[in-house]
Every structure is written in C-alpha cells, then in structure tokens.
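1. Make a model of this:
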Amino acid sequence: MDGRGPRVACAITRPAVHGVVGAACRQSQEWPMSPRTTRRAPDLPRPGQGVWPGLWSPPPSVVRARIAESLFRRAVRAAPVRVELPGGQVLGAGGPAAPAMRVHRPDAFFRRLGVDAKIGFGEAYMVGDWTSAEPADLLTAFAARLTTLVPPALQPLRRWVERRHPESDRNDVANSRRNAHRHYDLSNDLFRIFLDDTMTYSSAWFDGCGGTLADAQLRKIDGVLDYAGVRRGSRVLEIGTGWGALAIRAARRGATVTSLTLSAEQRALAVRRAQDAGVGDRVAVHLRDYREERGRYDAVVSVEMVEAVGAEYWPAYFAAVDRALLPGGRFGLQSITMPHDRMRASAGSYGWVHKYVFPGGLIPSVRAIEDTVRAHTAMRVVDSREFGRDYAETLRRWRERFLSRWDEVAALGFDDTFRRMWEFYLAYSEAGFRVGHLGVRQFAAVK
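-> Alright, predicted model coming up:
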C-alpha cells in the first residue's frame, strides 16, 4: 500500500469477500489477462467531494430482487451469523453471540443485490440499508463460506451477468496517474489520522512480537531493505513512494534513493518528511511512471505496488525492474497475494472495491509473480516469507483508529457515506486476510 495501498479488499483485487450472493465463478482463461473492459465512460464516485452518482436510488428490478432474496436466504441458512429483518424475523444459524447483520431496508437491499451483488452489497452498507456492530466479524463468517454462498449450478452463469471493467481501469500511463489520484490524493491529513507515525500504508510485520504498529512497520521496511541488500553506498530505486517511510529508512542506512510516485500529494509530503528527517539530500522523489524510469541501480524495492499494475502490465512492471537493476543487483518486493485459482476467477470481474477504492488492480498469486519474473526478466526469486495474518491485525488497528478519530476526519469535509465506505473497505479487507483468501508476502530476487 505504500505504492497503492491495501488492494484488497484489490484489492483491495481485490477482494476476498464478494458479497453473499456474489461469489465468483472460475474462468477458463490463463493469466496474465486483461480485464474485460467497456468503452462507456462511467460516472465515477468522488468520495473526497461527497459525490456518489446513483448511490441513493436502488435499481428498480423486482424480479432480480426476488431472485437475490431467495439466494440470500439460502446462503445464510447454515451460516454462523444472525441476520435480523424488520418485524423480528431472524435468519442464519448463529446464536445470540454470533455476528449480527441488521437489514433495515430489505426492499432496497435486495434490489441492489439483484442488479449487481459484488457492488450492491457494499453500497447497501454505505447507505445504511444494513448495518453491523462488528462488520469485520460478520464478513469473516461470510468469507469463510465464500465458495458455497452461490449454488454450484448457478456459478457458471455469472460470467454472463458480471459487470465489465470500464476502459479507465486499464493501467496505461495516463490511466495509472488518474487512478492514483482518485485514492491517494484524497487528503494527506486523512491518512495521517488513521495510520501510525511512520505514515506507512501497507502491511506491518509483527513477527509474533506484538508491540506498536510503528515498530512492526519498521520491521517490515527493514525486511524489504534486507532482501534488496540495501546498505551504505547503495543506489536504490523505489517504485511507489507512499509518504516516504521506506526511502527515509534506506537513506539512514547510507543509501541514495530515487523514489517514484504518481500522487502529487504523496510526493509533497514525502519530500518534506525526508528533509525533516535530515536525509533530504539522499532522497529524490519524482512524479514518474515506473515505465518511464531509465536509471540503473544496485537495488530496487517496491511495497504493495504490483497489485495496482493490473495483469496486463505485470510483464512490463517486472521488465522495468529488471532493466533498472545492474548485474548482481537485488529486488525486494512486498505484495498482497491470493491463491492462483482465485486470482484467475476474479481477474475479469468488476467489484465494489474497484468502483470505490482501487480502480484497475488485480492481486497476483505467488505463482503469477514467480512465473512472470522467470518469463520476462533475468532475475530469479531466491527467498520469500509470508505474514498474511499480520495484515488482518494491521487493518484492525487502522479501522479502530479511523472510527475513534472520526470527528477529525469529518472536520476535513468527509461525509457519513465516506465513513461507512471506509469502514466497509477496511473490514472487508481484514476478513479476507483472516480466513486466508488473501496473504501478504515479501520476495527477494537477484539479477
């Protein structure tokens, strides 16, 4: 997420939880593949301005709503949850202490699910059609049963009704800048409120040690730098600046860092933070796409950036790393991952997280990363480590901090719809890591 954030939910991609009637069917194509796209320009939400096109008008589709209600009731029948409907009816197999979902406006809720479950389930939370006192627990229960939520006989039909990615989601150079702006230029102050003092927007690495989030973030950063062999005198390229924590840490080791970002707001703050840390002379931050970099370096590092690239551009991304590395150079990568079959199944689908949080991304599998490196570079992966459960803990701490400091967020101009959207995004992502549908891994590669 330093490069682009928790794409989980990508991604955030995405995400592990598709909504209770939206489990993805598997596709037969091999990766890497382009997302299916349409040329129609979508009317995109603008969360930072409180602009939510069409959100408050549930689709008028009675027949689909009835089908969605039938599927929903079937899906939750044996689930360890409580779904409370108006009038006192309770669905689900959970007892009084089970995670509870309160459906306040069932007609609107089922209309949203009927038109597009992957998007409608999250939108229904955003507008208050349903609520939960602890959405992460509820979504975890659904995620654990993801493959059984839709009857197997109906799953192959999803390819005919799933929404396609808009053309703007393709991560060519122009669209990548626009997509980065939509998320990372919301407000530096927003991210400062719920992140720790390092301003690191990617998974921390607790390594069983507990401790503060800031300590775990520095451990994660050191892990990437160690994998890349960064030391005094190293010339380092960072793809995805975030707010400068990794670049500052590398410079304090005595390295010289060139860092690339597509976010103007991130760049401005990262430059200032490097100067305040006393390493401004060893850190250069550029508004530049990774495909435009022509320097040569001893080490390349990238934290949770590859998820935002999109499968179509994975070969170009890893080839750019390879081109930037001198012979004998090392690459330290951190990426969110998902199982290979789940990656293939979700590669062409357009969901809630793409529309509202991270447009254009796809979370790779470990196999996809290793195969792309092997096929398109002179590098070889020599080591890796997994710590997906630590991402669940990272997200939990972010969500608690965001909600406990909501008054400060609201003072920046964000509305209650944004609050519910952000809470759902963090809880949705946390659920995916809790049940293992998502992981996070650091890789070491050598050229």
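2. what sits against D189?
-> D189 is in contact with L412, counting by Cβ atoms under 8 Å, 6 or more residues apart in numbering. Quick note: C-beta positions are derived from backbone N, CA and C, even for glycine.
3. any idea how far R405 is from it?
-> 11 Å (Cβ to Cβ, to the nearest Å).
4. shared neighbours, these two?
-> Joint contacts of D189 and R405 (Cβ under 8 Å, 6+ apart) do not exist.
5. and A144, how many residues sit next to it?
-> 17 (other Cβ atoms under 10 Å).
6. what about the nearest residue to it once chain neighbours are set aside, how many residues close to it?
-> Leaving aside its chain neighbours, A144 sits nearest to V435 (4.8 Å; criterion: Cβ to Cβ, 6 or more residues apart in numbering). Per other Cβ under 10 Å, the neighbour tally for V435 reads 20.
7. Pretty sure V435 sits against A141.
-> No. Look at V435 against A141 with Cβ atoms under 8 Å: they stay out of range, at 9.1 Å.
8. where does the residue nearest to A144 land on pLDDT?
-> pLDDT for V435: 96.
9. any idea how far it lies from M338?
-> V435 is 12 Å from M338, by Cβ to Cβ.
10. One more: A65?
-> From A65 to M338 the distance is 31 Å (Cβ to Cβ).
11. Neighbour count: the two, which is higher?
-> M338 (30 against 22).
12. was I right about the more buried one contacting V440?
-> No. With contact defined as Cβ under 8 Å, M338 does not reach V440; the gap is 10.4 Å.
13. Report the set of residues contacting both of these two.
-> Counting by Cβ under 8 Å, 6+ apart, nothing touches both M338 and V440.
14. OK, contacts around F110?
-> Counted by Cβ under 8 Å, 6+ apart, F110 has contacts 65-66, 68-69, 72.
15. Could you identify which of those residues has the most neighbours?
-> A68 (26 neighbours).
16. thinking it is in contact with F121, fair?
-> No. Assessed by Cβ under 8 Å, A68 is found out of contact with F121, at 9.9 Å.
17. All the helices of the stretch 1-150 of the chain, in order from the start?
-> 62-76, 106-115, 117-127, 135-143 (DSSP state H, counting those that start in this stretch).
18. what's the distance between T394 and L195?
-> Distance of T394 to L195, given as Cβ to Cβ: 10 Å.
19. Same drill for the two, tell me which one is more crowded.
-> Using other Cβ under 10 Å as the criterion, T394 and L195 rank with T394 on top: 31 against 23.
20. Distance check, M101 against F121.
-> Distance from M101 to F121, by Cβ to Cβ: 11 Å.
21. same deal with P339?
-> The gap separating P339 from F121 is 22 Å, by Cβ to Cβ.
22. Those two: which has the busier surroundings?
-> More crowded of P339 and F121, by other Cβ under 10 Å: F121, with 28 against 15.
23. Now the element after the helix or strand hosting D390, going C-ward?
-> Element membership for D390 (DSSP states H and E) is helix 388-404. Remark: after helix 388-404, the chain's next helix or strand is helix 406-411, criterion DSSP H and E.
24. In three-state terms, label A320 for me.
-> helix (DSSP: H, G, I helix; E, B strand; the rest coil).
25. Partner strands of the strand of greatest length in the chain, with direction?
-> Longest strand in the chain by number of residues (criterion: DSSP state E): strand 325-337. Looking at strand 325-337 with DSSP bridges, its partner strands are strand 297-303 (parallel), strand 439-446 (antiparallel).
26. mind listing what's buried in it?
-> 325, 329-337 (16 or more other Cβ atoms under 10 Å).
27. Let me know the closest of these to G54.
-> Nearest to G54 among the buried residues of strand 325-337: I336, at 29.3 Å, using Cβ to Cβ.
28. I'd say the closest one and Q442 touch.
-> No. Judged on Cβ under 8 Å, I336 makes no contact with Q442 at a distance of 11.3 Å.
29. tell me, how many neighbours does the nearest residue to S187 once chain neighbours are set aside end up with?
-> Excluding the flanking residues, the one nearest S187 by Cβ to Cβ, 6+ apart is L412, at 5.6 Å. Using other Cβ under 10 Å, L412 is surrounded by 13 other residues.
30. ok, L412 to R419 distance?
-> 12 Å.
31. What of H437?
-> 25 Å.
32. Ok, R231 next?
-> 44 Å.
33. and what of F191?
-> The value you get for F191 to R419, if Cβ to Cβ is used, is 15 Å.
34. neighbour-wise, which of those two wins?
-> F191 (22 against 16).
35. per-residue confidence averaged over stretch 127-136?
-> 97.
36. Show me which residues of it are buried.
-> Residues 127, 129-132, 135-136 are the ones in stretch 127-136 that count as buried (16+ other Cβ under 10 Å).
37. Can I get those in JSON lines including distance to L426?
-> JSON lines is the format used below for the buried residues of stretch 127-136 (distance: Cβ to Cβ, whole Å):
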{"residue": "V127", "distance to L426": "18"}
{"residue": "D129", "distance to L426": "19"}
{"residue": "W130", "distance to L426": "17"}
{"residue": "T131", "distance to L426": "16"}
{"residue": "S132", "distance to L426": "13"}
{"residue": "P135", "distance to L426": "9"}
{"residue": "A136", "distance to L426": "8"}
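38. tell me the domain ranges of this structure?
-> 37-164, 174-446 (automatic domain parsing).
39. so where is this structure shaky, pLDDT-wise?
-> 1-44, 48, 146-185 (pLDDT under 70).
40. and with 50 instead?
-> 4, 9-41, 160 (pLDDT under 50).
41. Going along the chain, name the strands of it.
-> With DSSP E as the criterion, the chain has strands spanning 37-38, 82-84, 90-91, 100-103, 130-131, 165-166, 235-239, 256-261, 283-287, 297-303, 325-337, 380-386, 439-446.
42. Just send those back as a markdown table, with distance to D226 too.
-> Output for the strands of the chain, formatted as a markdown table (distance: least, Cβ to Cβ, whole Å):
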| stretch | distance to D226 |
| --- | --- |
| strand 37-38 | 39 |
| strand 82-84 | 46 |
| strand 90-91 | 50 |
| strand 100-103 | 43 |
| strand 130-131 | 44 |
| strand 165-166 | 37 |
| strand 235-239 | 13 |
| strand 256-261 | 16 |
| strand 283-287 | 19 |
| strand 297-303 | 10 |
| strand 325-337 | 8 |
| strand 380-386 | 10 |
| strand 439-446 | 8 |
